[in-house]
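J.: All I have is the shape, not the residue letters:
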């Protein structure tokens, strides 16, 4: 699609007051999408909107703050960006308003203090946990686990790739388009069962950050010719 004909979405970021949520919001706003930052408290969501507007240097007309439930009700695509400790409870609370939507899960099942050790949940991954809670009416897609907020809030394109896996190829293609709208390269990494690898890789990257005293290590897929 050209810039003038690409589809624009309303994206509701549940738990969007954190750094990752605000980084995604920043990138999607630049691409022309409408973004709703959600929080358990409307006031906290509005504060995040004001902080992001200050960072951008102006108040985007397509940026709003709402409580999580209102954000999901008003969005086309829901984005789950809560800490893993609140993942299950948040999904259970919002299950009724998520039905029929694509749900992008960016959560990583980190278990402090050993965040450099891969510790996957009983369901296999956070994405599989989300799919089990939400049911077949929702299409859960895993993405953005291996990209740091520092890169999202930086200027211009980033030099990282994003692996996208989840329920249904059509849903994955929608999310890959949203990945590319952030300036990143998205790859179809297959079914939701593959999320165990994508999410687990985050702990490896955190370990590399610590070893090499950096904040934003990432991944690149190589050996595949550019098909554009």
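T.: It's in. Predicted model, so just to flag it, every value in this text is computed and none were measured. Numbers count the residues shown, from 1 in each chain.

J.: Give me the spatial nearest neighbour of residue 53, chain neighbours excluded.
T.: residue 59 (4.4 Å; C-beta to C-beta, 6 or more residues apart in numbering). Where you see a C-beta, it was placed from the backbone N, CA and C, and this is true even at glycine.

J.: For residue 130, pull up the helix or strand it's in.
T.: Using DSSP states H and E, the element containing residue 130 is helix 126-134.

J.: Tell me which other helices or strands that helix touches.
T.: Under the contact criterion of 3 or more C-beta pairs under 8 Å, 6 or more residues apart in numbering; DSSP states H and E, helix 126-134 touches helix 87-98, strand 102-105, strand 139-142, helix 195-212.

J.: where does this structure dip in pLDDT?
T.: Along the chain, segments meeting pLDDT under 70 span 1-5, 155-157, 227-228.

J.: Point to the residue nearest the middle of it.
T.: residue 106 (3.8 Å; C-alpha atoms, centre = their mean).

J.: Is that residue in contact with residue 82, as I believe?
T.: No. With contacts counted by C-beta atoms under 8 Å, residue 106 stays clear of residue 82, the gap being 9.3 Å.

J.: Tell me how many other residues crowd the residue nearest to residue 150 when sequence neighbours are not counted.
T.: Nearest residue to residue 150, sequence neighbours excluded (C-beta to C-beta, 6+ apart): residue 216, at 4.5 Å. By other C-beta atoms under 10 Å, 16 other residues sit near residue 216.

J.: wait, isn't residue 196 in contact with residue 125?
T.: Yes. Between residue 196 and residue 125 a contact is recorded at 4.7 Å, counting by C-beta under 8 Å.

J.: the more surrounded of the two?
T.: Between residue 196 and residue 125, counting by other C-beta under 10 Å, residue 125 is the more crowded of the two (27 against 21).

J.: mind listing the helices in this structure by residue range?
T.: For the chain, applying DSSP state H gives helices covering 19-30, 42-56, 68-74, 87-98, 126-134, 149-152, 169-181, 195-212.

J.: So for residue 6, which of those helices sits nearest?
T.: Nearest of the helices of the chain to residue 6, taken as C-beta to C-beta: helix 169-181 at 7.5 Å.

J.: Helix 19-30 and that closest one, what's the angle between them?
T.: With axes from the mean of the first three to the mean of the last three C-alpha atoms, to 10 degrees defining the directions, helix 169-181 sits at 80 degrees from helix 19-30.

J.: other SSEs contacting helix 169-181?
T.: Partner elements for helix 169-181 (3+ C-beta pairs under 8 Å, 6+ apart): helix 19-30, strand 102-105, strand 139-142, strand 161-166, strand 185-188.

J.: export the ones you listed to a markdown table and tack on mean neighbour count?
T.: Converted to a markdown table, those look like this (neighbours: other C-beta atoms under 10 Å):
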| stretch | mean neighbour count |
| --- | --- |
| helix 19-30 | 22 |
| strand 102-105 | 28 |
| strand 139-142 | 29 |
| strand 161-166 | 25 |
| strand 185-188 | 17 |
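
J.: what's the closest of these to residue 92?
T.: With C-beta to C-beta as the criterion, residue 92 lies closest to strand 102-105 of the helices and strands packed on helix 169-181, at 13.3 Å.
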